[in-house]
Each structure stands twice: as C-alpha cells, then as structure tokens.
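> need a structure here:
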Amino acid sequence: GGVQALTGKKKYDSSFDLLTVSALSAHTLRREHGATALLRPSAVVVCESADFLLNLDKADKKNFCEKIGWMGRGLGCRQEEGRERVGGGTHLNVPLPLHRLVYDQDKAGEIVKKWEGRTSTCR
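Modelled structure (predicted):
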C-alpha cells in the first residue's frame with residue numbers, strides 16, 4: 001500500500017498538492033519509491049516526527065529527523081526550518097510534531113544534484 005501502490009499509475013501522476021506520511025511509513029520517502037511522480041509542481045510533503053516512538057532514545061530520534069531531511073533532499077524538496085507542531089494532534093491533545101518538506105519542481109533538479117554530490121551517513 002501507500003506511496004508504492006500509487007506510483008506508476010498514470011491517473012495519480014502529478015495529482016497531489018499534499019502528501020502526508022506517518023513516522024512508521026517514512027521509508028516511503030526514499031527516492032527509489034518514486035514519490036515525486038505523484039507530486040504537483042508546488043507540493044508539500046509532511047512527515048510525522050519520531051517523538052512518540054517509544055523504543056527510540058534521544059540520539060535515535062535526532063538521527064530519524066536528520067534522515068527525513070536527507071530523504072526529502074533526495075526527492076528534490078527543501079525542508080522548512082524546525083518542526084511544526086499541530087495542535088490537537090494526539091488523543092491527549094498534545095501537539096503533533098511534523099516535518100514539512102516543500103517540493104518545487106523548478107528547483108528540484110538543483111537540490112537533487114547537490115544531494116547526489118554529497119556522501120551521507122544517512123544512507
């Protein structure tokens with residue numbers, strides 16, 4: 001399911017202004033899954049942060065956040081600074097931490113080229 005189920009289907013090409021991904025599905029942002037084929041020329045990709053994954057320590061959560069940005073750059077997205085906290089996000093009314101990646105088709109090639117030129121420990 002998810003992103004992989006939609007990629008490769010013509011009717012979904014360039015159809016989404018917003019793509020939302022849970023923390024447990026963040027791996028679908030990896031470049032090889034082809035999420036950019038689904039995005040409109042100026043789209044936003046939102047990914048839940050790892051703040052509420054219980055089995056991660058602070059270092060793991062930091063690494064997870066860095067990987068979200070890294071995967072986003074692989075798609076040609078720029079990451080907005082910081083994380084957005086959306087009110088009323090959980091059943092306890094705790095704000096939900098989200099990463100916002102902004103896709104701009106005109107600038108995506110430049111972002112990906114820089115991403116490809118760097119070696120990253122996030123792979």
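> would you mind giving the secondary structure of the residue nearest to residue 20 when sequence neighbours are not counted?
Using CB to CB, 6 or more residues apart in numbering and skipping residues adjacent in sequence, the residue nearest residue 20 is residue 46, 4.8 Å away. (Glycine included, C-beta is placed from N, CA and C.) Using DSSP: H, G, I helix; E, B strand; the rest coil, the structure places residue 46 in strand.
> from residue 52, how far out is residue 46?
16 Å (CB to CB, to the nearest Å).
> one more: residue 25?
Going from residue 25 to residue 52 by CB to CB gives 14 Å.
> rewinding a little: in contact with the residue nearest to residue 20, which residues?
Neighbour list for residue 46: 18-21, 98-101 [criterion: CB atoms under 8 Å, 6 or more residues apart in numbering].
> the residues you listed: which two are farthest apart?
Spatially, the most separated pair among the contacts of residue 46 is 18 and 99, at 13.5 Å (CB to CB).
> between those two, which has more neighbouring residues?
residue 99 (26 against 10; other CB atoms under 10 Å).
> quickly list what the more buried one is bridged to.
According to DSSP bridges, the residues that bridge with residue 99 are residue 47.
> I'd assumed residue 44 was in contact with it.
No - contact criterion CB atoms under 8 Å: residue 99 and residue 44 do not qualify, at 10.7 Å.
> can you pull the contacts of residue 106?
Here residue 106 is in contact with residue 41 (CB under 8 Å, 6+ apart).
> for it, give me the pLDDT.
On pLDDT, residue 106 comes in at 93.
> name the helix or strand for it, please.
helix 105-117 (DSSP states H and E).
> lowest average confidence, helix or strand, in this structure?
The helix or strand of the chain with the poorest confidence is strand 84-86; it has a mean of 63 (mean pLDDT, DSSP states H and E).
> can you map out the helices along this protein?
Taking DSSP state H, the helices of the chain run over residues 3-6, 58-75, 105-117.
> would you put the C-alpha positions of the second one in PDB?
Right, helix 58-75. This file holds the C-alpha atoms of helix 58-75, laid out as PDB (Å, rounded to 0.1, in the frame of the first residue of the first chain):
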ATOM      1  CA  LYS A  58      17.200  10.900  22.000                       C
ATOM      2  CA  ALA A  59      20.100  10.100  19.700                       C
ATOM      3  CA  ASP A  60      17.900   7.800  17.600                       C
ATOM      4  CA  LYS A  61      15.100  10.400  17.400                       C
ATOM      5  CA  LYS A  62      17.700  13.000  16.200                       C
ATOM      6  CA  ASN A  63      19.000  10.700  13.600                       C
ATOM      7  CA  PHE A  64      15.500   9.900  12.400                       C
ATOM      8  CA  CYS A  65      14.800  13.700  12.000                       C
ATOM      9  CA  GLU A  66      18.000  14.100  10.000                       C
ATOM     10  CA  LYS A  67      17.000  11.200   7.700                       C
ATOM     11  CA  ILE A  68      13.700  12.800   7.000                       C
ATOM     12  CA  GLY A  69      15.500  15.900   5.700                       C
ATOM     13  CA  TRP A  70      18.000  13.700   3.800                       C
ATOM     14  CA  MET A  71      15.300  11.700   2.100                       C
ATOM     15  CA  GLY A  72      13.400  14.900   1.300                       C
ATOM     16  CA  ARG A  73      16.500  16.300  -0.500                       C
ATOM     17  CA  GLY A  74      16.700  13.100  -2.500                       C
ATOM     18  CA  LEU A  75      13.200  13.900  -3.700                       C
END
